[in-house]
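Q: from the sequence below, what's the structure:
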Amino acid sequence: QFQAGDPVVIVELQDNGKGIAEDHLPRIFDPFFTTKPTGVGTGLGLSVVKKIMDLHNGAIDIRNQPSGGVMVTLLLRADPGHKA
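A: Model prediction:
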């Protein structure tokens with residue numbers, strides 16, 4: 001997706017929760033995957049975010065932090081001609 005020298009925007013979000021169980025990490029972007037009880041959430045949130053990132057030729061990475069919580073990294077191609 002990205003090549004050396006591509007202008008990118010990187011957004012990193014970190015929380016200090018308990019993290020994601022290692023056996024759940026491979027499935028977090030699967031539609032309808034949830035660890036919540038029936039009737040509480042749909043399991044679509046992260047699959048929708050992943051689809052949006054894919055449609056914008058971006059990337060998303062979610063990993064547990066050694067100190068607890070997770071780090072979410074979003075990468076999007078920047079438009080070098082865009083004026084803020």
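
Q: now do the helices in this structure.
A: Secondary structure of the chain by DSSP state H: the helices cover 45-55.

Q: who's in contact with the spatially most central residue of it?
A: Geometric centre of the chain, nearest residue: residue 60, 3.9 Å, by C-alpha atoms, centre = their mean. Listed by C-beta atoms under 8 Å, 6 or more residues apart in numbering, the contact set of residue 60 reads 49-50, 53, 72-75. For glycine as for every other residue, the C-beta is placed from the backbone atoms N, C-alpha and C.

Q: kindly report the same for residue 1.
A: Each residue near residue 1 by C-beta under 8 Å, 6+ apart is listed here: 57-59.

Q: then residue 32?
A: Contact analysis of residue 32 by C-beta under 8 Å, 6+ apart lists 42-44, 47.

Q: which of those residues count as buried?
A: residue 47 (16 or more other C-beta atoms under 10 Å).

Q: pLDDT and distance to residue 9 added to the contacts of residue 32, as CSV?
A: Listed next are these as CSV, based on pLDDT from 0 to 100; distance: C-beta to C-beta, whole Å:
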residue, pLDDT, distance to residue 9
42, 90, 29
43, 92, 28
44, 95, 25
47, 97, 22
